[in-house]
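**Student:** Mind looking at a prediction? Sequence and model below.
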Amino acid sequence: MSYYVEARCTFEGEDRGATARLQTVYDLLNGMDSGAFHLAVTSIRVGTQAPPTSKLRRALETWLSTLDPDAGDFSLSDERPERRFEWVWHDWHLLFRPMPRSVNARMTPVRRALGAFIPDAASFVDDITPLREALSEKGSKYGKLNHPLVIAINIGSGFHDDEDTKQALYGRVGWRINIDDPDAEATPVLTDPGYWGWPGRPAHEHVAGLLLAGSMHYSRVARYAPTFWLHPYAAQAIAPLPNWRVARAASEGMEYTDPAVLPDQHFDLPAGWPVGEPFPRSSRGA
């Protein structure tokens with residue numbers, strides 16, 4: 001069937017360009033060989049231009065190869081120089097700390113090198129509001145359409161997860177406490193409506209669903225499956241593509257279905273595509 005797709009990206013913070021540059025660095029570092037470790041990273045300062053990520057990857061791999069994962073406690077508060085890798089390049093400043101993988105996990109390749117994102121200063125992370133704002137903007141951009149609308153959003157936050165999406169679509173969950181009975185259990189309540197509306201009062205029924213990706217760029221096309229969140233009260237439903245992960249409301253909560261076809265198979269690409277550095281740089285920038 002036919003349907004319209006309206007797409008955009010969301011970023012945390014006000015400087016979308018800086019967030020996009022930082023996320024690109026994170027994505028490229030995730031493909032490195034971190035051996036017996038994951039990495040915790042703190043972004044102290046994000047630069048104004050793309051950095052030489054290939055050099056940073058090689059430096060991190062060399063540093064991690066000198067560490068013994070069984071040599072005592074690897075606390076993230078450890079300030080010993082050998083337990084910290086501080087990287088400064090022009091106006092960039094990133095701090096990395098090692099996180100040993102379990103003994104059994106070390107027998108398998110690292111799927112994502114970055115295991116934790118630690119803020120430089122205490123802050124409140126809200127990944128629900130930016131998604132709602134993006135949905136409202138794109139969902140109301142046109143008048144009445146003659147086909148269903150799919151809103152596709154690429155999330156640039158490293159902290160966004162399915163729970164954030166669920167609350168953006170189905171409403172924020174709060175807890176009701178009985179102050180007269182301190183021992184009584186707190187009960188969950190909806191504190192405001194989600195983009196799909198209240199139970200029994202659906203909204204935005206012209207939207208068939210939300211197609212959500214996290215930090216998507218061309219180098220991940222062959223291995224990353226976005227999630228399609230079906231609108232439970234859509235005026236007209238669409239059939240999800242076989243390379244999409246699907247999230248739908250069920251009687252016991254959310255139900256998630258893995259893609260029927262792997263992304264590389266769907267796009268007829270070789271496994272592991274692309275080979276080499278996704279964003280090769282000139283000799284001057286490398």
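**Tutor:** Good, I have the coordinates.

**Student:** quick one: stretch 22-41 to chain centroid distance?
**Tutor:** The gap between the average C-alpha position of stretch 22-41 and the chain average comes to 14 Å, counting by CA atoms, centre = their mean, to the nearest Å.

**Student:** how about that stretch: buried residues?
**Tutor:** With burial defined by 16 or more other CB atoms under 10 Å, the residues of stretch 22-41 counted as buried are 22-32, 34-41. Heads up, the C-betas are built off the backbone N, CA and C, glycines and all.

**Student:** Kindly report the same for stretch 111-122.
**Tutor:** For stretch 111-122, by 16+ other CB under 10 Å, it's Ala113, Leu114, Gly115, Phe117.

**Student:** In strands, which of these appear?
**Tutor:** Residues of the buried residues of stretch 111-122 located in strands (DSSP state E): Leu114, Gly115, Phe117.

**Student:** For the first one, give the beta-bridge partners.
**Tutor:** It stands for Leu114. Leu39 (DSSP bridges).

**Student:** per-residue confidence for it?
**Tutor:** Leu114 is assigned 90 on the pLDDT scale.

**Student:** Would you mind measuring from it to Ala234?
**Tutor:** As judged by CB to CB, to the nearest Å, Leu114 and Ala234 stand 36 Å apart.

**Student:** And the helices in the stretch 101-250 of the chain, which stretches?
**Tutor:** Listed from the start of the chain, the stretch 101-250 of the chain has helices (DSSP state H, counting those that start in this stretch) covering 129-139, 162-170.

**Student:** Find the residue closest to Leu95 in space, skipping its chain neighbours.
**Tutor:** If the residues on either side of it in the chain are set aside, Leu95 comes closest to Thr42, at 4.3 Å by CB to CB, 6 or more residues apart in numbering.

**Student:** what does stretch 168-177 contact?
**Tutor:** Stretch 168-177 is contacted from outside by 128, 131-132, 135, 167, 184, 186-196, 198, 210, 229, 249, using CB atoms under 8 Å, 6 or more residues apart in numbering.
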